[in-house]
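Asker: Predicted model follows, preceded by the sequence.
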Amino acid sequence: MSWTWFHRLGSPPYVYGLARRLTPWFAWGAGLLLLCGLYGGLVLAPPDYRQGNDFRIIYVHAPSAWMSLMVYTTMAVAAAVGLIWRMKVAHAVAASCATIGASFTFAALVTGSLWGVRMWGTWWEWDPRLTSELILLFLYLGYMGLRAAIEDTQRADRASGLLAVVGVVNVPIIHYSVVWWNSLHQAPSVMRLGKPTMPPAMLLPLLIMLAGFTLLFAALLLVRLRGEILNRERTAAWIREALEA
Amino acid sequence: MPHALEAENLQLWRAERHVLRGVGFALDAGECLQLRGANGAGKTTLLRAVCGLLYPDAGRILWEGGDVRADLAAYHARLIYIGHEPPLKPDLSALENLRFWIGVRQAVPRPALEAALERVGADRWSRRAVRTLSAGQRRRVALAALALLAVPLWLLDEPTTNLDADGQQLVGTLIDEQLARGGLVLAAGHHALRVAAARVRSLELPLG
Amino acid sequence: MRQFLDMGGYAAYVWPAYAVTLAIVALNIIWARRLLAQARTAARRRLGGETGPGDGA
Amino acid sequence: MGSAPSAAAPSVTPQPDAARESGTARGAPALTAAGLVLLRDLTLAFRRRGELLQPLAFFAIVTTLFPLAVSPELSRLREIAPGVLWVAALLAALLALEFLFRDDAHDGTLEQYSLSGQSLAWLLLAKTAAHWLLTGLPLALIAPFAAESLGVSTGLAGVVASVAVGTVCLSLIGSISAALTLGIRRSGVLLSLLTLPLSLPVLIFGARATELAIRGLPYTAPLELLAALAVLGVTLAPLAAAAAVRISLE
């Protein structure tokens, strides 16, 4: 009986309606949090004693990097659910994730590189985090490439879903091997991206931005999910109502 | 008592095409069902769905009353599927092909292999590379696989294609023997099968 | 205000970072809405073309 | 019309169960089945010996490019030798991957494997083993010669060991991506895009082991990491590859 929620989440009309009802809440919540976070990060937070105002890049870089990993994990979990229970809605969730994740991975790379110019004096440094981020971008591109190459939606869902699951198993291995590789070839950098201890005035805007990006992801996902569900449904009955509403 | 093989309301979509629209049938031991229908009506799709390669969007396949998805490997051990083209490697001889193909499924002594090839009239060219064989000769190698494997369910896609009159008669004889053993045959194709008519039913698939 | 925008000479790298991120946020919003709109159009076309028998069989 | 009279039917009624049982009763053991798959792939490969040389020739050509592009000075080449050997081996292994399942998918052999009643993962592991014997192992064996041409004359045993273990991992990772790209036209670039990011740990550990071996330092630590990846791959990759093959057959 406690599993009824799970079964309802497998029903396209239910999820479609739910997504439509929830989208405004997430969207407005994300907008509000992002505005607060931006104001806090750009105005209220004091300049860093060593990096000056450059550290303010963290308020866009860290949330983007967080998004890149969170979206990939979401995609892989949804794909696994879709593969195991043959749940069409779960595959639609996974399909909705890729573009969002890839674009924020790109943002994390660009902002990280801009930060790198100030910290290292070069546009690209083989820093383990940036390197892992770059590989994550390649994983996203592979996923999107495989999906695009298969015409039949169901087969594309299942093949790319399997790739996402294989990828998520590999992400930690890749990350640790890159960290290990980096530790061999250069002295540990004193200036790490992000610092373990931050005064609350700096930390709070960061947390608000992280929450805002997470809500933004939810809102984007729900909008895309509706589109992906429509693309996967062939029976007319509920679609007609959904389109008229 | 449940039917030996039963398909219930199979629905299958390929991209935007509704290929199988609620197909169902039941077969008992010793029966042959011939699938008919125009090109593109879904005969091959249905065969592939029945053997578990395709996952229907709705509907079930039951073997002796149980859903085949519950233990697919056990179900597969009881069937043989032969598609449009026999799965033969051009670089291997007919004998080698048969040995590797059947050997993966069950241990077959070499004399049995040779006897099966002789049965289908392949003894004279069984050591030639399949590359040099005609389409009809390749078909006959596939028939040898049928003669060798004692499995209850045969799924045959156009079993008589490319065969001469003698070969078509051979297909009929093999099917008759299979039915007499209490086996089941599901065959797609238009050609009349030369088997005892009473045991053959046919199912017409409408063009989607 | 000028001082804020200038950030004591640091602006050259901070603002582009914000601009890129916000552009990607904006693009994502546009892409998501366009995907939904296209899916709705496609579904409408399917319904229009396939309201005959056999639907939802 | 029929050749067997229908009157024969009643007399064989006790037989159905016997016929039905025989399907599993005489089933081949999994090990025999895998052995046959391996033997079959090796036999096929030796019928077309010329194709076996292609990845090796590719490997040799790529390693030749570096002295021409960088410098003929052996001291400089020695510096970059581990990287050159590994990138060349990775690309050569990648090149061979396209053929891992393609023919068998095309002629219906994979279909028969997945309908054989045997574990598909197990049969695919045998196929991957054959693939490694035909590409990875020869690459490992000619790697010392390529290393010599780059001015490396010490630690060649380490070079062979690291390339041999590393190519096991590459074949296993590749079996997944090769299975995923079955049935896609012009899948070559996509296959690289899927395989290369997943192969990075292999490249990192493999190149490190080779580098340490060449410098005469103990290289067991990265080699063990590589072996750990291979063990992980042997246990997980065939399952993923089997799932991918089934998806491709749908």
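Answerer: Received it, and whenever you're ready, just let me know what you need. Numbers count the residues shown, from 1 in each chain, chains lettered A, B, ... in the order given.

Asker: Check whether the closest residue to residue A:240 other than its chain neighbours sits in a helix, strand or coil.
Answerer: Nearest residue to residue A:240, sequence neighbours excluded (Cβ to Cβ, 6 or more residues apart in numbering or on different chains): residue C:47, at 6.1 Å. Using the backbone N, CA and C atoms, a C-beta is placed for each residue, glycine as well. Under DSSP: H, G, I helix; E, B strand; the rest coil, residue C:47 falls in the helix class.

Asker: Residue C:47: neighbouring residues, count only.
Answerer: Other residues lying near residue C:47 total 14 when counted by other Cβ atoms under 10 Å in any protein chain shown.

Asker: you'd agree it is up against residue A:239?
Answerer: Yes. Between residue C:47 and residue A:239 there is a contact at 6.5 Å, judged by Cβ atoms under 8 Å.

Asker: residues from chain B in reach of chain A?
Answerer: Counting by Cβ under 8 Å from any Cβ of the partner chain, chain B comes close to chain A at B:13, B:14, B:15, B:16, B:18, B:55.

Asker: what about residue B:17, how many residues close to it?
Answerer: The burial count for residue B:17: 12, using other Cβ under 10 Å.

Asker: Check residue B:50 and give its pLDDT.
Answerer: Predicted confidence (pLDDT) for residue B:50: 94.

Asker: In contact with it, which residues?
Answerer: B:5, B:7, B:61, B:155, B:186 (Cβ atoms under 8 Å, 6 or more residues apart in numbering or on different chains).

Asker: Quick one: those as CSV, columns for distance to residue A:103, pLDDT and neighbour count too.
Answerer: Converted to CSV, the contacts of residue B:50 look like this (distance: Cβ to Cβ, whole Å; pLDDT from 0 to 100; neighbours: other Cβ atoms under 10 Å in any protein chain shown):
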residue, distance to residue A:103, pLDDT, neighbour count
B:5, 50, 93, 26
B:7, 46, 93, 24
B:61, 43, 94, 19
B:155, 47, 95, 24
B:186, 50, 94, 25
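
Asker: re earlier: now restrict the residues of chain B next to chain A to buried residues only.
Answerer: Neighbour-count burial within these applies to B:13, B:14, B:18; the criterion is 16 or more other Cβ atoms under 10 Å in any protein chain shown.

Asker: Sort out for me which of those are in strands.
Answerer: B:13, B:14, B:18 (DSSP state E).

Asker: Now render these as TSV, adding pLDDT.
Answerer: TSV is the format used below for those (pLDDT from 0 to 100):
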residue	pLDDT
B:13	83
B:14	81
B:18	83
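
Asker: Now do the helices for chain C: every range, in order, please.
Answerer: Ranges of helices within chain C are C:2-6, C:11-49, based on DSSP state H.

Asker: Chain C: which of the ones in strands among the buried ones among the residues of chain B next to chain A is nearest?
Answerer: residue B:18 (6.8 Å; Cβ to the nearest Cβ).

Asker: and that closest one, bridged to which residues?
Answerer: Residue B:18 has these beta-bridge partners by DSSP bridges: residue B:13.

Asker: State the number of residues packed around the residue of chain A found nearest chain B.
Answerer: Chain A approaches chain B most closely through residue A:152 (5.1 Å), counting by Cβ to the nearest Cβ. Residues contacting residue A:152 under the criterion other Cβ under 10 Å number 15.

Asker: Spatially nearest residue to it, not counting backbone neighbours?
Answerer: residue B:15 (5.1 Å).

Asker: measure the spatially most central residue of chain D to chain A for me?
Answerer: Geometric centre of chain D, nearest residue: residue D:171, 3.3 Å, by Cα atoms, centre = their mean. According to Cβ to the nearest Cβ, to the nearest Å, residue D:171 and chain A sit 15 Å apart.

Asker: Identify the residues contacting that residue.
Answerer: Residue D:171 neighbours (Cβ under 8 Å, 6+ apart): D:93, D:97, D:100, D:128, D:131, D:132, D:135, D:136.

Asker: Where is the longest helix in chain D?
Answerer: Max-length helix for chain D by DSSP H is helix D:220-249.

Asker: does chain A sit close to it?
Answerer: Yes. For helix D:220-249 and chain A, the contact criterion (Cβ under 8 Å from any Cβ) is met by D:229, D:236, D:240, D:243, D:244, D:247, D:248.

Asker: Any chance of a PyMOL selection covering the buried ones in those?
Answerer: Buried members of the residues of helix D:220-249 next to chain A can be picked out in PyMOL with the line below, counting by 16+ other Cβ under 10 Å:
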select buried, chain D and resi 229+240+243+244+247+248
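
Asker: before we move on, back to that, could you identify the most distant pair in the residues of chain B next to chain A?
Answerer: B:16 and B:55 (18.0 Å; Cβ to Cβ).

Asker: Is the strand or helix carrying residue A:169 in proximity to chain C?
Answerer: Per DSSP states H and E, residue A:169 falls inside helix A:153-185. No. On the criterion Cβ under 8 Å from any Cβ, helix A:153-185 is out of touch with chain C, staying 11.8 Å away.

Asker: Now the element after that helix, going C-ward?
Answerer: Next in sequence after helix A:153-185, counting helices and strands by DSSP H and E, comes helix A:200-232.

Asker: if we can go back for a sec, wait, the residue nearest to residue A:152 sits on residue A:155?
Answerer: No. Using Cβ under 8 Å, residue B:15 is not in contact with residue A:155, being 9.3 Å away.

Asker: Report the buried residues of the helix or strand bottoming out on mean pLDDT in chain A.
Answerer: Lowest mean confidence among the helices and strands of chain A (mean pLDDT, DSSP states H and E): helix A:4-9, at a mean of 78. For helix A:4-9, the neighbour count (16+ other Cβ under 10 Å) marks no residue as buried.

Asker: repeat for stretch B:107-126
Answerer: B:108, B:113, B:114, B:116, B:117, B:119, B:120, B:121, B:122, B:125, B:126.

Asker: What is the end-to-end distance of that stretch?
Answerer: 19 Å (Cα to Cα, to the nearest Å).

Asker: got it, and stretch B:147-163?
Answerer: End-to-end for stretch B:147-163, by Cα to Cα: 16 Å.

Asker: again with stretch B:80-98
Answerer: End-to-end for stretch B:80-98, by Cα to Cα: 14 Å.

Asker: distance between it and the chain's centre?
Answerer: Distance of stretch B:80-98 from the chain centroid (Cα atoms, centre = their mean, to the nearest Å) equals 14 Å.

Asker: low pLDDT regions in chain C?
Answerer: In the predicted model of chain C, residues C:1-11, C:49-57 satisfy pLDDT under 70.

Asker: and what of chain B?
Answerer: Looking at chain B by pLDDT under 70, you get B:197, B:208.
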